[in-house]
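# generate a structure from the sequence data that follows.
(4 chains)
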Protein chains: 2
Amino acid sequence: MARTEQQNQQIREARKEMIRVEALKQFAAKGFAGTRIKDIAQAAGIAQGLMYHYYQSKDAIFTDLIEDALDKLNQASIHVKNMDNLAKNKILYAIRKIYKTIETSERFKQTCCLIAQAENSTVIPVDVKILIEGKRDLPYEIIAEVMKQGQKEGSVVEGSPHELAILFWTSIDGLSIYYATHKNPGYMPDYKIFAAMFLKEKNI
Amino acid sequence: MARTEQQNQQIREARKEMIRVEALKQFAAKGFAGTRIKDIAQAAGIAQGLMYHYYQSKDAIFTDLIEDALDKLNQASIHVKNMDNLAKNKILYAIRKIYKTIETSERFKQTCCLIAQAENSTVIPVDVKILIEGKRDLPYEIIAEVMKQGQKEGSVVEGSPHELAILFWTSIDGLSIYYATHKNPGYMPDYKIFAAMFLKEKNI
DNA sequence: TTATATATTGAACTATAATTCAATATATAA
DNA sequence: TTATATATTGAATTATAGTTCAATATATAA
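Numbers count the residues shown, from 1 in each chain, chains lettered A, B, ... in the order given. Predicted coordinates for the structure are as follows:
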């Protein structure tokens, strides 16, 4: 016999993780169509053929990343939804958290960028389209609900909660794409400025 | 002899315009890497080979579109810069104009989306990179100047004018990408909500 | 040390997309 | 009508990228 099954599992998972890390970088920066398997393999320091020992196809890597990213985003959204607090504070918490994490975590920034690109792209694998179809709405719905709550509480500006949610997420998308591709800045603009779009009181 | 030179010129320009219209649609929806020459030709109703009678390469079509788009954006920015008015009004005018035009003109929406994608993509032809390098800054600079003017006049919120400009354009980018790829809505959220991010007074 | 299961490589293969080109169609000046 | 310059086609060619595979390396249980 050779290695135990457990050892192999461990190696397998470590390699897959390496591939995922590099693939995320590439997909976030270049989009699905613009990313080359060759480049991912090169960045991960392995032969191109080895990619297919761990992932069935380019589509499969992308699908894996997207599924993981959407799940994390949804989990975070649910966390905001379940907070026992004023809508105003939920909104401020969410924005601060997103801003802070984009600033401090390269991987999170790339993840935001990946989702933003995938949700707005028409040239992604059908599996991914279906995945997005099923998981995309929750963050929009939750933010819309929080906006509605805030309007009842008098802290959030007037307007369709759904439109406010679109404004919220599209602005986050735009920012994360910008900061994922522009190396220089590193720091994000003050989150309070962004929050002012939704909150009535300026003194936050 | 056959046709006069003038007649040929006319045909040539009409065909190029047809190609540009369809290419813009495709590039805006799929990005540079995700767009196929075959699809542009098909959409334009011509043989694939004919594309190369009018444009040297896929790169050349893209470059042509980007140059045109950047020039239009810069012209519009200069128009805002030269307005003899309070910063507050310049900002409101700019946002209202952009929102209104994204709403009413498919082509403008696609153009916004094209620029947003190109400026944030690392997989575009080098010529286009250079083009963007040279022409991208003006809209950012002009909005930053207007923000500074507004801060002096007391109408614009505190914070680095440059950061405010980034927030301005990345949010526009996010929105235009969203509305270019999601067919259903058609109408944009109220521009005043977006404007509230930058203006101190809520009663606009 | 040896046997063996799995990891790894790199070249071959296949699929897809960009580009070229020889052949043909077309419009108009003569 | 005819000659001819240019438009147009579609198939051939070339380039690029994804995938497969036979050969080889490696780690460890026995």
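
# which residues in chain A form helices?
Using DSSP state H, the helices of chain A run over residues A:5-34, A:37-44, A:48-54, A:58-82, A:87-104, A:106-119, A:126-135, A:137-153, A:161-181, A:191-195.

# angle of the helix or strand of chain A with the lowest mean pLDDT against helix A:106-119?
Within chain A, no helix or strand scores below helix A:5-34, which has a mean of 91 by mean pLDDT, DSSP states H and E. Here the directions of helix A:5-34 and helix A:106-119 differ by 50 degrees (axes from the mean of the first three to the mean of the last three CA atoms, to 10 degrees).

# buried sites along helix A:5-34?
A:15-16, A:19-20, A:22-34 (16 or more other CB atoms under 10 Å in any protein chain shown). Backbone N, C-alpha and C define where each C-beta goes, glycine included.

# contact partners for the spatially most central residue of chain A?
Against the mean C-alpha coordinate of chain A, by CA atoms, centre = their mean, the closest residue is residue A:112 at 3.0 Å. Contacts for residue A:112 (CB atoms under 8 Å, 6 or more residues apart in numbering or on different chains) come out as A:98, A:102, A:172-173, A:176, A:180.

# pLDDT check: weakest of these?
By pLDDT, residue A:180 ranks lowest within the contacts of residue A:112, coming in at 87.

# shaky segments in chain A?
A:1-5, A:184-186, A:202-204 (pLDDT under 70).

# 80 instead?
A:1-11, A:183-186, A:201-204 (pLDDT under 80).

# residue in it with the shortest distance to chain B?
residue A:174 (2.8 Å; CB to the nearest CB).

# return the residues in contact with residue A:87.
Counting by CB under 8 Å, 6+ apart, residue A:87 makes contact with A:146-147, A:149-150, A:152-153, A:155-156.

# with residue A:78 instead?
By CB under 8 Å, 6+ apart, the contact list for residue A:78 reads A:138, A:142.

# circling back: contacting chain B as well, which ones from the buried residues of helix A:5-34?
Restricting the buried residues of helix A:5-34 to those within reach of chain B (CB under 8 Å from any CB of the partner chain) leaves A:29-34.

# tell me the one of those nearest residue B:164?
Nearest to residue B:164 out of those is residue A:29 (CB to CB; 25.9 Å).

# what's the closest of the contacts of residue A:112 to residue A:133?
Closest to residue A:133, out of all of these and judged by CB to CB, is residue A:173, at 17.5 Å.

# skipping adjacent residues, who's closest to that closest one in space?
Closest residue in space to residue A:173, ignoring its immediate chain neighbours: residue A:116 at 3.7 Å, by CB to CB, 6 or more residues apart in numbering or on different chains.

# wait, that neighbour touches residue A:175, no?
No: assessed by CB atoms under 8 Å, residue A:116 is found out of contact with residue A:175, at 9.3 Å.

# isn't residue A:172 up against residue A:98?
Yes: between residue A:172 and residue A:98 there is a contact under CB under 8 Å: 6.3 Å.

# quick one: which of those two has more around it?
residue A:172 (24 against 21; other CB atoms under 10 Å in any protein chain shown).

# show me which residues of chain A are close to chain B?
Going by CB under 8 Å from any CB, the residues of chain A near chain B are A:29-34, A:116, A:120-123, A:157, A:159-160, A:163-164, A:166-167, A:169-175, A:177-178, A:180-181, A:185, A:189-190, A:193-194, A:196-198, A:200, A:202.

# just the buried ones from those residues?
Using 16+ other CB under 10 Å as the burial test, the residues of chain A next to chain B include A:29-34, A:116, A:120-121, A:123, A:157, A:159, A:163-164, A:166-167, A:169-175, A:177-178, A:180-181, A:189-190, A:193-194, A:196-198 as buried.

# and the least confident helix or strand of chain A, what does it pack onto?
Secondary-structure packing of helix A:5-34 (3 or more CB pairs under 8 Å, 6 or more residues apart in numbering or on different chains; DSSP states H and E): helix A:37-44, helix A:48-54, helix A:58-82, helix A:106-119, helix A:161-181, helix B:5-34.

# kind regards, and thank you for your time.
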